[in-house]
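> Pasting the sequence and the predicted coordinates here, then a few questions.
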Amino acid sequence: MKRNDIWRNRDFKVMLLKEIDEPFDSDLFIYEIKYDGVRAVMFVSPSEFVIKSRNGKDITNVFPELKSIQKLVKGKVIFDGEIISLENGLPSFSKVSKRTHLKNKSVIDVESKSNPVVFMAFDILYMDKDITELTLVERKKILNKFKDTDVFVKSVVFKSGKKLFREIKKLKMEGIVAKKINSSYHINERTDDFIKIKNFKSGSFFIGGYSYNKNGISLALGEYIDDKFCFVGKVSLNSKYELYDKVLKLKESKNYFCNYKENINYVKPSLKCEVSYIERTLNNNLRQPVYKGSKIWV
């Protein structure tokens, strides 16, 4: 695909981010808050308004309140950003995710008024022509010409990644993004010009069962709440970890979960493992769990 076709040919993938564990400071980078929402590309002109998710799905009709952004532009513009829902002043992924699954127009209209979303714009790819080969700083200058509204807000830039990450941890937000100031926009690529540093939480959870997957096994995790063993999610584990063999040696047992009945190999919850995760969902499940280590028998 030719780069100058991105307004007409909209099947391209957004620029993705490399991930590292620790924040850093560098004069070569700027830093932004990583908002926990739905990544989206917005195609806007006086006569056209289309929103696509990072996977290319058309989600225009799901967020009708964002159509007012059309009033901000005079030509053809492509924005890159995040659709977020706020709860107690902070982004709620569960809340915005719920919106993406709505199909009934009447329900969508009600939600758009009672729980409106915000488009957090952090980049611009097109301004009557393809501008992806401009540097990030140059693209930001163009983006800053657009006024903030109730549903369109430009992402704030910070100079210190370490300081911003400390503040993010206090607020229990998702993380930060470091962006190289002289970088162009890499369509259909993941590069280290844009780097994400996530604010993972951690906890210890009992293993109540497992199932096989193509990379090893998936552990069904649980915790005790009011003396009931409650399912909280699954985490993948491969054979390079000592815990892998320990789990497979456990005797199969009855299902101890009070809220989970899938066809897996159930075991007595006698072993714990350490898991990092981004947040708890509305039904108390772990979001983006990653195995971190095992503990002794309990």
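Thanks, I have it. Every value quoted in this text rests on a predicted model; they were computed, and no experiment measured them.
> partners of the worst-scoring helix or strand of the chain on mean pLDDT in the sheet?
The least trusted helix or strand in the chain, going by mean pLDDT, DSSP states H and E, turns out to be strand 290-294, with a mean of 81. Strand 290-294 has the following sheet partners, assigned by DSSP bridges: strand 272-277 (antiparallel).
> Just list the residues touching the residue positioned nearest the centre of the chain, thanks.
Centroid-nearest residue in the chain, with C-alpha atoms, centre = their mean: residue 36, separated by 5.1 Å. Residue 36 sits next to 84, 91-93, 173-174, 278-279 when contact means C-beta atoms under 8 Å, 6 or more residues apart in numbering. Yep, even glycine has a C-beta here, placed from its N, CA and C like the rest.
> Which secondary structure state is assigned to it?
Classification of residue 36 into helix, strand or coil gives coil, according to DSSP: H, G, I helix; E, B strand; the rest coil.
> Show the average pLDDT along stretch 31-39.
Per-residue pLDDT over stretch 31-39 has a mean of 95.
> Could you find the closest non-adjacent residue to residue 38?
Computed as C-beta to C-beta, 6 or more residues apart in numbering, the closest residue to residue 38 that is not its neighbour in sequence is residue 83, at 4.4 Å.
> Wait, a helix at residue 140?
Yes: secondary structure assignment places residue 140 in a helix (three-state DSSP).
> Now do it against residue 12, distance only.
Distance, residue 140 to residue 12, by C-beta to C-beta, to the nearest Å: 21 Å.
> Same question for residue 290.
On the measure of C-beta to C-beta, residue 290 and residue 12 end up 29 Å apart.
> More neighbours: which of those two?
residue 12 (18 against 15; other C-beta atoms under 10 Å).
> ok, residue 181 touching residue 136?
Yes: look at residue 181 against residue 136 with C-beta atoms under 8 Å: they come within range, at 5.6 Å.
> mind listing what residue 6 touches?
Residue 6 touches 12, 78, 125-126, 130, 132, 187, counting by C-beta under 8 Å, 6+ apart.
> of these, buried ones?
The neighbour-count test (16 or more other C-beta atoms under 10 Å) marks 12, 78, 125-126, 130, 132 as buried among those.
> Could you single out the nearest of these to residue 105?
Taking C-beta to C-beta as the measure, residue 78 is the one of the buried ones among the contacts of residue 6 closest to residue 105, at 26.4 Å.
> Secondary structure class of the closest one, three-state.
With three-state DSSP as the criterion, residue 78 was assigned strand.
> how much space between the closest residue to it other than its chain neighbours and residue 184?
In this structure, residue 78 finds its nearest non-sequential neighbour in residue 126, 3.7 Å apart by C-beta to C-beta, 6+ apart. Separation of residue 126 from residue 184 (C-beta to C-beta) stands at 14 Å.
> Quick check: neighbours shared by these two?
Residues touching both residue 126 and residue 184 (C-beta under 8 Å, 6+ apart): residue 132.
> what ranges do the helices span in the stretch 151-298 of the chain?
Listed in chain order, the helices of the stretch 151-298 of the chain (DSSP state H, counting those that start in this stretch) span residues 161-171, 242-248.
> could the ones you listed go into JSON lines alongside distance to residue 224, mean neighbour count and mean pLDDT?
Supplementary listing: these in JSON lines, determined by distance: least, C-beta to C-beta, whole Å; neighbours: other C-beta atoms under 10 Å; pLDDT from 0 to 100:
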{"stretch": "helix 161-171", "distance to residue 224": "28", "mean neighbour count": "16", "mean pLDDT": "96"}
{"stretch": "helix 242-248", "distance to residue 224": "19", "mean neighbour count": "15", "mean pLDDT": "93"}
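> Can you lay out these as TSV showing distance to residue 234?
Output for those, formatted as TSV (distance: least, C-beta to C-beta, whole Å):
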stretch	distance to residue 234
helix 161-171	26
helix 242-248	13
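> Residue 212 is nearest to which of these?
Each of those was checked against residue 212 via C-beta to C-beta, and the shortest separation belongs to helix 242-248, namely 9.8 Å.
> List of residues touching that closest one?
With C-beta under 8 Å, 6+ apart as the test, helix 242-248 has contacts from 207, 210, 216-217, 219, 237-239, 267, 271, 273, 291, 294.
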